[in-house]
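# any chance you could fold what I've pasted below:
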Amino acid sequence: MSYEWMGQALCAQTDPDMWFPEVGGSQTVAAKRICASCPVRAQCVEHAQRLEGGVSADHRYGAWGGQTPRERELIGGEQPAAIRDRDAVRLVGQGLSVGEVAARLGCSDRTVARALHAARRTENAA
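Numbers count the residues shown, from 1 in each chain. Predicted coordinates:
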């Protein structure tokens, strides 16, 4: 298991206390805002799910991938793919190539292409 993605995490450039706030603390909002634009958010959520392995919110701690312990408990295991797909669409929209996005998100070019296709299909249906 590689942790190289952590070097790209936006949280690595901020005060660590922001990611482990007091319950109901105002830092949670700021942490979520930073996570929303983080290029490795999907990997972060996936990492948290591996670490927490089905434990209840009472035993989870910190903001990971823009989610509180309670949110991670409610979401379960499907979320990382959805986050990755949204991030792929956002990054391509910012001008990165499919290959660059795939490298940044740690997935294949085909996965990025599928995310883009699904987003276009959803957009056209609306």
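# now do the helices in this protein.
Assigned by DSSP state H, the helices in the chain fall at 27-36, 41-52, 69-75, 79-93, 98-105, 109-125.
# turn those helices into TSV, columns for mean neighbour count and distance to Ala63.
(Glycine included, C-beta is placed from N, CA and C.) Shown next, in TSV, are those (neighbours: other C-beta atoms under 10 Å; distance: least, C-beta to C-beta, whole Å):
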stretch	mean neighbour count	distance to Ala63
helix 27-36	16	4
helix 41-52	20	9
helix 69-75	16	8
helix 79-93	19	14
helix 98-105	18	20
helix 109-125	14	24
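# lowest average pLDDT across those?
Among the helices of the chain, helix 69-75 carries the lowest mean pLDDT, a mean of 77.
# which outside residues touch that helix?
The list of residues contacting helix 69-75 from outside it, by C-beta atoms under 8 Å, 6 or more residues apart in numbering, reads Val45, Ala48, Gln49, Glu52, Ser56, Ala57, Arg60, Tyr61, Gly62, Trp64, Gly65, Gln67.
# could you list the buried residues of stretch 14-21?
Across stretch 14-21, burial judged by 16 or more other C-beta atoms under 10 Å covers Met18, Trp19, Pro21.
# can you give me the offset of stretch 42-56 from its chain's centre?
Centre-to-centre, stretch 42-56 and its host chain are 11 Å apart (C-alpha atoms, centre = their mean, to the nearest Å).
# swap in stretch 13-26?
Relative to its chain's centre, stretch 13-26 lies at 17 Å (C-alpha atoms, centre = their mean).
# what is the end-to-end distance of it?
19 Å (C-alpha to C-alpha, to the nearest Å).
# average pLDDT across that stretch?
79.
# so what touches it?
Residues from elsewhere that reach stretch 13-26, judged by C-beta under 8 Å, 6+ apart: Cys11, Gln27, Thr28, Ala30, Ala31, Ile34, Tyr61, Gly62, Ala63, Trp64.
# one more time with 10 Å, if that's ok
The contact list for stretch 13-26 (C-beta atoms under 10 Å, 6 or more residues apart in numbering) reads 9, 11-12, 27-31, 34-35, 61-64, 68-70.
# list the contacts of the residue nearest the centre of the chain.
The chain has Arg41 as the residue nearest its centroid, 2.3 Å off, counting by C-alpha atoms, centre = their mean. Contacts for Arg41 (C-beta under 10 Å, 6+ apart) come out as 9-11, 34-35, 64-67, 80, 83-84, 86-87, 105.
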